[in-house]
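Colleague: Predicted model and sequence follow; I will ask about them next.
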Amino acid sequence: MKVTLEQIDELRKRVNVSYEEAKRTLEKNEGDLIKSIIELEKKKGRRNENHHGKFTRTANKLLALKLSVKNKDNQTIVDMPLVVVLIGFVMAFWVVIFGLVLAVLTSCKIKVYKHQGMNVDNIKKNVKETVDKIKVKSEKIIQDDETEEETENEIIIE
């Protein structure tokens with residue numbers, strides 16, 4: 001079937017693909033615009049899932065690394081994700097260097113280890129729970145505020 005330029009333009013507008021990919025998909029689906037849109041969206045969805053998965057895996061690997069500093073008596077002084085230390089290193093270079101030098105001079109044990117407790121999904125879940133709690137509290141405050149306004153506008157004569 002012959003595919004028209006109008007069909008290609010319409011498909012490109014709706015799915016944001018190249019002319020070549022739009023033409024090839026329309027020809028494959030015999031000019032059916034809806035089938036072509038569905039096929040291209042499925043392809044794009046798979047591509048986005050792959051990128052999301054790579055990011056999540058990389059972030060989980062970074063979040064799993066922790067830095068621990070213990071004194072001579074084996075008491076933990078610092079135990080935090082290595083990512084936080086690296087961000088601190090970028091933002092406050094001399095503070096982090098000073099802390100590490102101080103830890104070495106006082107014979108502290110510095111250890112980088114892998115801990116599976118923190119990952120992207122847990123962070124997302126915690127943020128969602130916190131946002132939901134804030135929503136509930138703010139709605140309650142707004143309701144209390146509205147009831148106070150109603151009673152303030154009343155004049156009671158006894």
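Modeller: Received the coordinates, thanks. Numbers count the residues shown, from 1 in each chain.
Colleague: where in the chain is pLDDT low?
Modeller: Applying pLDDT under 70 to the chain flags the ranges 1, 46-52, 148-156, 158.
Colleague: quick one: what helix or strand has residue 69 in it?
Modeller: Using DSSP states H and E, residue 69 maps to strand 65-70.
Colleague: Equivalent analysis for residue 112, please.
Modeller: strand 109-114.
Colleague: about what we covered before: pairing partners for the strand holding residue 69, with directions?
Modeller: Sheet pairing of strand 65-70 (DSSP bridges) gives strand 76-81 (antiparallel), strand 109-114 (antiparallel).
Colleague: wait, what's in contact with the closest residue to residue 62 other than its chain neighbours?
Modeller: The shortest distance from residue 62 to any non-neighbouring residue, by CB to CB, 6 or more residues apart in numbering, is to residue 83 (5.3 Å). For the C-beta atoms, the positions are set from N, CA and C on the backbone; glycine is no exception. By CB atoms under 8 Å, 6 or more residues apart in numbering, the contact list for residue 83 reads 62, 63, 65.
Colleague: and residue 80, what is it in contact with?
Modeller: So residue 80 contacts 66, 67 (CB under 8 Å, 6+ apart).
Colleague: Nice, that's everything, thank you.
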